[in-house]
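Asker: Here you go, sequence then predicted model.
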Amino acid sequence: MLNEFKEFIARGNVMDLAVGVIIGAAFNKIVTSVVEDLVMPIVGALTGGGFDFSNYFLPLSANVTATSLAAARQQGAVFAYGNFITVLINFLILAWIIFLMIKAVNRMRASMEKKKDEAPAAPPPEDILLLGEIRDLLKQRA
C-alpha cells in the first residue's frame, strides 16, 4: 500500500496540481493585497467612505449602534455589503488575470503548433532513396 501511495504521489499530474495549488494560494494573497490596499481605498474615497470600504454595512436589528463591522456583528445582525463588494472585486480581478494567463498560454500553444506545421518535411530514409536510385537505373536500361 505504501508503494502504491508513493507511485500515486510521484505521478506528474499530482505534482503539477500541488504546485498549482501552492502558487494559486500565493497569487491569491497578492490579488487580495491589490484589492484591499490599492483598489478599495480608491473606491472608498470615491464613495465617501474614506479608506475602509469593508466597514460598509446596514444594521438589521435595532440594537446595532457600532460604526465598525466587527463591533456591529457582536451587537446583532448586519448586512455587510462592503465586505461582499471587496470580495467580489477580488474575485473579478483574479478571474481577469487567470483569463489573460490562459489566453497567453493558448496563443503560445497555437504559435508552437503553427511552427510544427511549417517545419520542413523530414528527408526520406536512406533505404527509400536507394530504392529510388535502383528504380531509375532499371528504367534507364530498359
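Answerer: That came in fine, so what should we check first?
Asker: so where does the residue minimising distance to the centre of the chain fall, helix or strand?
Answerer: Taking CA atoms, centre = their mean, the centroid of the chain lies closest to residue 98, which sits 3.5 Å from it. Assessed by DSSP states H and E, residue 98 sits inside helix 81-118.
Asker: packing partners for that helix?
Answerer: With contacts taken as 3 or more CB pairs under 8 Å, 6 or more residues apart in numbering; DSSP states H and E, helix 81-118 sits against helix 12-33, helix 40-46. For the C-beta atoms, the positions are set from N, CA and C on the backbone; glycine is no exception.
Asker: so which of these gets nearest residue 54?
Answerer: Closest approach to residue 54 among the helices and strands packed on helix 81-118 is made by helix 40-46 (7.1 Å; CB to CB).
Asker: Now do the buried residues in the least confident helix or strand in the chain by mean pLDDT.
Answerer: Of all helical and strand segments in the chain, the minimum by mean pLDDT, DSSP states H and E falls on helix 40-46, at a mean of 75. Neighbour-count burial for helix 40-46, counted by 16 or more other CB atoms under 10 Å, picks out 40, 43, 44.
Asker: now it: how far from the chain's centre is it?
Answerer: Chain-centre distance of helix 40-46: 26 Å, with CA atoms, centre = their mean, to the nearest Å.
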